[in-house]
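>>> got a sequence here, can you model it:
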Amino acid sequence: QLTARGTDTTYPSMDLWVDKTDFKSRKAEFYAVNGGLLKTTYYRRYKPVLGGIRPTEEVIIDGLDANLVTVMRQQDFAWRDVPETWLQRDFLPQFRGN
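Predicted coordinates for the structure are as follows:
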């Protein structure tokens, strides 16, 4: 169980399941301020990428309607320098990722 230190976070708390044998994240549940489940994510298809073993697929299930499912698949990983401004919440409206 993880709890945010500050109040200005997207998810104030989450439960994270980590495999004891290989320390890979397997599942995460993200919660709202009122404790309601917002979404569940399953991490799958681990592959060697950029010097580590990383999930290349995530299945995200909506916490309010389990029929709403998103599958994200990543490929063509590359190291990239990211400007510090991209990490600031105030910059999000201007963000135009490449």
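
>>> for residue 72, see how far away the residue sitting nearest the centre point of the chain is.
Taking C-alpha atoms, centre = their mean, the centroid of the chain lies closest to residue 41, which sits 7.5 Å from it. According to C-beta to C-beta, to the nearest Å, residue 41 and residue 72 sit 9 Å apart. C-betas here are computed from N, CA, C, even on glycine.

>>> list residues touching both of those two?
By the contact definition C-beta atoms under 8 Å, 6 or more residues apart in numbering, residue 41 and residue 72 are jointly contacted by 58, 60.

>>> isn't the residue nearest to the centre of the chain right up against residue 60?
Yes: using C-beta atoms under 8 Å, residue 41 makes contact with residue 60 at a distance of 5.0 Å.

>>> if we can go back for a sec, if I pick the residue nearest to the centre of the chain, what's in contact with it?
Residue 41 is in contact with 27-30, 58-61, counting by C-beta under 8 Å, 6+ apart.

>>> hey, what's it bridged with?
For residue 41, the beta-bridge partners under DSSP bridges are residue 28, residue 60.

>>> where in this protein is the helix or strand with the lowest mean pLDDT?
Lowest mean confidence among the helices and strands of the chain (mean pLDDT, DSSP states H and E): strand 2-3, at a mean of 93.

>>> list the contacts of that one.
Outside strand 2-3, the residues that touch it by C-beta under 8 Å, 6+ apart are 12-16.

>>> show me where this protein has its strands.
For the chain, the strands defined by DSSP state E cover 2-3, 13-18, 25-31, 37-49, 52-62, 69-73.

>>> need these in TSV with distance to residue 88, can you?
Listed next are the strands of the chain as TSV, based on distance: least, C-beta to C-beta, whole Å:
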stretch	distance to residue 88
strand 2-3	22
strand 13-18	22
strand 25-31	22
strand 37-49	23
strand 52-62	25
strand 69-73	24
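
>>> for those, which one ends up most surrounded?
Of those, the one with the most neighbours on average (mean count of other C-beta atoms under 10 Å) is strand 25-31, at a mean of 17.

>>> which strands and helices sit next to that one?
strand 13-18, strand 37-49 (3 or more C-beta pairs under 8 Å, 6 or more residues apart in numbering; DSSP states H and E).
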